[in-house]
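# Here you go, sequence then predicted model.
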Amino acid sequence: MGLKASINGREGSRREQGGGKWRWDQEAKRALTMIIRNLSFLTSVCLGTALLVGCATTNRPTTRAEGPDLSPIVGQAVTPAGHLVLACVRQALAANTYDMVGDDGDSRLIRFTCSGGEAEALFSALADRSANIGSEWQAGAVTYRSTERAARNLYGVDLCWRDAITYGDERATYACHFNLNLGGFIRD
(Lines give C-alpha, C1' and ligand atoms only; values in the text may rest on other atoms or scores of the structure.)
Protein backbone atom coordinates (compact mmCIF):
# COMPACT_ATOMS: atom_id res chain seq x y z
CA MET A 1 0.00 0.00 0.00
CA GLY A 2 1.85 3.13 -1.19
CA LEU A 3 0.97 6.84 -1.04
CA LYS A 4 2.29 9.15 -3.72
CA ALA A 5 3.44 12.75 -3.21
CA SER A 6 4.43 15.22 -5.90
CA ILE A 7 7.24 17.63 -5.00
CA ASN A 8 8.74 19.94 -7.66
CA GLY A 9 7.12 17.84 -10.37
CA ARG A 10 8.70 14.63 -9.10
CA GLU A 11 6.79 11.82 -7.60
CA GLY A 12 7.97 10.12 -4.48
CA SER A 13 6.33 7.30 -2.62
CA ARG A 14 5.94 6.64 1.06
CA ARG A 15 6.03 3.09 2.15
CA GLU A 16 4.75 1.77 5.36
CA GLN A 17 7.39 0.40 7.67
CA GLY A 18 7.12 -1.55 10.83
CA GLY A 19 5.68 0.25 13.85
CA GLY A 20 3.42 2.51 11.77
CA LYS A 21 6.18 4.96 10.73
CA TRP A 22 6.25 6.41 7.25
CA ARG A 23 9.43 7.07 5.39
CA TRP A 24 10.06 9.40 2.44
CA ASP A 25 12.37 8.05 -0.12
CA GLN A 26 15.71 9.84 -0.70
CA GLU A 27 14.57 11.95 -3.65
CA ALA A 28 11.57 13.30 -1.77
CA LYS A 29 13.79 14.12 1.21
CA ARG A 30 16.20 16.08 -0.99
CA ALA A 31 13.37 18.01 -2.62
CA LEU A 32 11.84 18.85 0.75
CA THR A 33 15.23 19.94 2.13
CA MET A 34 15.73 22.20 -0.90
CA ILE A 35 12.31 23.81 -0.39
CA ILE A 36 13.04 24.46 3.28
CA ARG A 37 16.45 25.99 2.47
CA ASN A 38 14.94 28.23 -0.19
CA LEU A 39 12.18 29.31 2.17
CA SER A 40 14.72 30.03 4.92
CA PHE A 41 16.85 32.08 2.53
CA LEU A 42 13.85 34.00 1.19
CA THR A 43 12.55 34.60 4.71
CA SER A 44 15.97 35.93 5.77
CA VAL A 45 16.14 38.22 2.73
CA CYS A 46 12.64 39.53 3.36
CA LEU A 47 13.28 40.14 7.06
CA GLY A 48 16.64 41.79 6.33
CA THR A 49 15.08 44.05 3.70
CA ALA A 50 12.26 44.99 6.04
CA LEU A 51 14.74 45.86 8.79
CA LEU A 52 16.88 47.95 6.44
CA VAL A 53 13.90 49.84 5.09
CA GLY A 54 12.57 50.36 8.59
CA CYS A 55 15.90 51.61 9.92
CA ALA A 56 16.48 53.85 6.93
CA THR A 57 13.16 55.59 7.37
CA THR A 58 13.01 55.97 11.16
CA ASN A 59 15.55 58.83 11.34
CA ARG A 60 14.00 60.97 8.66
CA PRO A 61 12.81 64.38 9.83
CA THR A 62 9.08 64.78 10.04
CA THR A 63 9.21 67.91 7.90
CA ARG A 64 11.47 68.51 4.95
CA ALA A 65 14.23 70.99 5.80
CA GLU A 66 14.65 73.60 3.10
CA GLY A 67 17.97 74.94 4.43
CA PRO A 68 19.61 76.29 7.55
CA ASP A 69 17.58 77.81 10.35
CA LEU A 70 18.06 81.55 9.82
CA SER A 71 16.00 82.76 12.75
CA PRO A 72 17.79 85.30 14.98
CA ILE A 73 19.84 83.98 17.90
CA VAL A 74 18.87 85.46 21.26
CA GLY A 75 21.81 87.07 23.08
CA GLN A 76 22.57 87.18 26.79
CA ALA A 77 24.25 89.68 29.07
CA VAL A 78 28.05 89.60 28.92
CA THR A 79 29.65 87.78 31.85
CA PRO A 80 32.43 89.29 34.02
CA ALA A 81 34.97 87.18 32.09
CA GLY A 82 33.50 88.55 28.86
CA HIS A 83 34.01 92.11 30.15
CA LEU A 84 37.68 91.31 30.80
CA VAL A 85 38.06 90.14 27.18
CA LEU A 86 36.32 93.30 25.92
CA ALA A 87 38.71 95.46 27.98
CA CYS A 88 41.61 93.62 26.32
CA VAL A 89 40.15 94.22 22.84
CA ARG A 90 39.53 97.92 23.63
CA GLN A 91 43.15 98.31 24.73
CA ALA A 92 44.40 96.55 21.57
CA LEU A 93 42.27 98.83 19.36
CA ALA A 94 43.50 101.97 21.16
CA ALA A 95 47.16 100.86 21.02
CA ASN A 96 46.91 99.47 17.47
CA THR A 97 48.16 96.07 18.68
CA TYR A 98 46.17 93.80 16.40
CA ASP A 99 47.02 91.87 13.27
CA MET A 100 45.63 89.20 10.95
CA VAL A 101 46.62 85.54 11.04
CA GLY A 102 45.54 82.78 8.65
CA ASP A 103 45.84 79.06 8.21
CA ASP A 104 46.44 77.32 4.89
CA GLY A 105 42.72 77.30 4.08
CA ASP A 106 40.02 79.98 4.07
CA SER A 107 40.19 80.73 7.78
CA ARG A 108 41.38 84.18 8.75
CA LEU A 109 41.45 85.72 12.21
CA ILE A 110 41.96 89.22 13.53
CA ARG A 111 44.18 88.77 16.60
CA PHE A 112 43.99 91.38 19.35
CA THR A 113 46.94 91.65 21.76
CA CYS A 114 46.71 93.42 25.10
CA SER A 115 49.23 93.75 27.91
CA GLY A 116 49.63 95.21 31.38
CA GLY A 117 46.74 95.34 33.85
CA GLU A 118 44.08 94.06 31.42
CA ALA A 119 46.22 91.03 30.56
CA GLU A 120 47.11 90.37 34.19
CA ALA A 121 43.41 90.40 35.16
CA LEU A 122 42.62 87.92 32.36
CA PHE A 123 45.59 85.69 33.26
CA SER A 124 44.38 85.54 36.88
CA ALA A 125 40.77 84.91 35.82
CA LEU A 126 41.89 81.94 33.69
CA ALA A 127 43.65 80.17 36.61
CA ASP A 128 40.80 77.89 37.74
CA ARG A 129 39.50 77.08 34.27
CA SER A 130 42.96 76.31 32.89
CA ALA A 131 43.72 74.04 35.84
CA ASN A 132 40.38 72.21 35.40
CA ILE A 133 40.67 71.59 31.64
CA GLY A 134 44.45 71.16 31.46
CA SER A 135 45.15 74.27 29.39
CA GLU A 136 48.04 75.70 31.40
CA TRP A 137 51.63 74.99 30.45
CA GLN A 138 55.11 76.26 31.18
CA ALA A 139 57.91 77.12 28.75
CA GLY A 140 60.93 78.20 30.77
CA ALA A 141 59.89 81.16 32.93
CA VAL A 142 56.76 81.81 30.83
CA THR A 143 53.42 80.41 32.02
CA TYR A 144 50.60 80.14 29.47
CA ARG A 145 46.87 79.76 30.11
CA SER A 146 44.33 79.33 27.33
CA THR A 147 40.54 79.49 27.29
CA GLU A 148 40.36 76.02 25.66
CA ARG A 149 42.84 73.19 25.12
CA ALA A 150 44.90 73.45 21.95
CA ALA A 151 43.94 70.71 19.46
CA ARG A 152 46.91 70.72 17.05
CA ASN A 153 48.70 74.05 17.50
CA LEU A 154 48.05 77.55 18.80
CA TYR A 155 46.21 78.77 15.69
CA GLY A 156 42.98 80.40 16.86
CA VAL A 157 43.66 79.68 20.53
CA ASP A 158 42.80 82.55 22.88
CA LEU A 159 45.49 82.71 25.55
CA CYS A 160 47.33 84.82 28.11
CA TRP A 161 50.85 84.47 29.44
CA ARG A 162 53.00 85.62 32.32
CA ASP A 163 56.63 86.29 31.42
CA ALA A 164 59.02 86.30 34.38
CA ILE A 165 62.16 85.95 32.22
CA THR A 166 63.02 89.61 31.77
CA TYR A 167 62.36 91.13 35.19
CA GLY A 168 61.80 88.15 37.50
CA ASP A 169 58.64 87.16 39.38
CA GLU A 170 58.12 90.49 41.16
CA ARG A 171 57.98 92.44 37.90
CA ALA A 172 56.59 89.82 35.52
CA THR A 173 54.92 91.05 32.36
CA TYR A 174 51.53 89.89 31.10
CA ALA A 175 50.01 89.70 27.63
CA CYS A 176 47.00 88.07 25.93
CA HIS A 177 45.89 87.16 22.41
CA PHE A 178 42.18 87.02 21.54
CA ASN A 179 40.99 86.10 18.06
CA LEU A 180 38.00 87.21 16.01
CA ASN A 181 37.19 84.64 13.33
CA LEU A 182 35.82 86.24 10.16
CA GLY A 183 36.74 83.46 7.72
CA GLY A 184 37.45 84.15 4.07
CA PHE A 185 35.71 87.55 4.18
CA ILE A 186 38.92 89.27 5.37
CA ARG A 187 41.33 87.18 3.30
CA ASP A 188 41.69 89.55 0.34
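That came through, no problem.
# drop to CA atoms for contacts and neighbour counts, all remaining ones
Fine.
# What's the local residue count around the spatially closest residue to Gly183 that is not a sequence neighbour?
Once flanking residues are discounted, Gly183 sits nearest to Ser107: 4.4 Å by Cα to Cα, 6 or more residues apart in numbering. Neighbour count for Ser107, taken as other Cα atoms under 10 Å: 16.
# Surely Ser107 and Asn179 touch.
No. With contact defined as Cα atoms under 8 Å, Ser107 does not count as touching Asn179 (11.6 Å).
# shared neighbours of the two, anything?
Counting by Cα atoms under 8 Å, 6 or more residues apart in numbering, Ser107 and Asn179 have no common neighbour.
# So Asp69, which state does it fall into?
Under DSSP: H, G, I helix; E, B strand; the rest coil, the three-state class of Asp69 is coil.
# Count residues in the vicinity of it, would you?
Asp69, neighbours per other Cα under 10 Å, totals 7.
# so the closest residue to Glu136 other than its chain neighbours bridges to which residues?
Counting by Cα to Cα, 6+ apart, Arg145 is the residue found nearest to Glu136 once chain neighbours are left out, at 4.4 Å. Bridge pairing for Arg145 (DSSP bridges) gives the partners Glu136, Cys160.
# how close does Arg145 get to Ser135?
6 Å (Cα to Cα, to the nearest Å).
# okay, those two: which has more neighbours?
The residue with more neighbours, out of Arg145 and Ser135, is Arg145; 27 against 18, by other Cα under 10 Å.
# Surely the more buried one and Asp128 touch.
No. In this structure, Arg145 is not within contact of Asp128 by Cα under 8 Å, at 9.9 Å.
# Near the closest residue to Ala164 other than its chain neighbours, how many residues? Count them for me, please.
Closest residue to Ala164 apart from its sequence neighbours, by Cα to Cα, 6+ apart: Ala172 at 4.4 Å. The number of residues packed near Ala172 is 17, by other Cα under 10 Å.
# show me where pLDDT drops low in this structure?
By pLDDT under 70, the low-scoring segments of the chain are 1-65, 104, 166-169, 188.
# the helices in it, which residues?
26-58, 80-95, 117-125, 127-133 (DSSP state H).
# Next, the buried residues of the last one.
Of all the residues in helix 127-133, those buried under the rule 16 or more other Cα atoms under 10 Å are 127, 130.
# For stretch 88-107, which outside residues touch it?
108-115, 118-119, 155, 176, 178, 181-184, 187.
# Can you flag the buried ones in the residues you listed?
By 16+ other Cα under 10 Å, the contacts of stretch 88-107 give 108-115, 118-119, 176, 178, 181 as buried.
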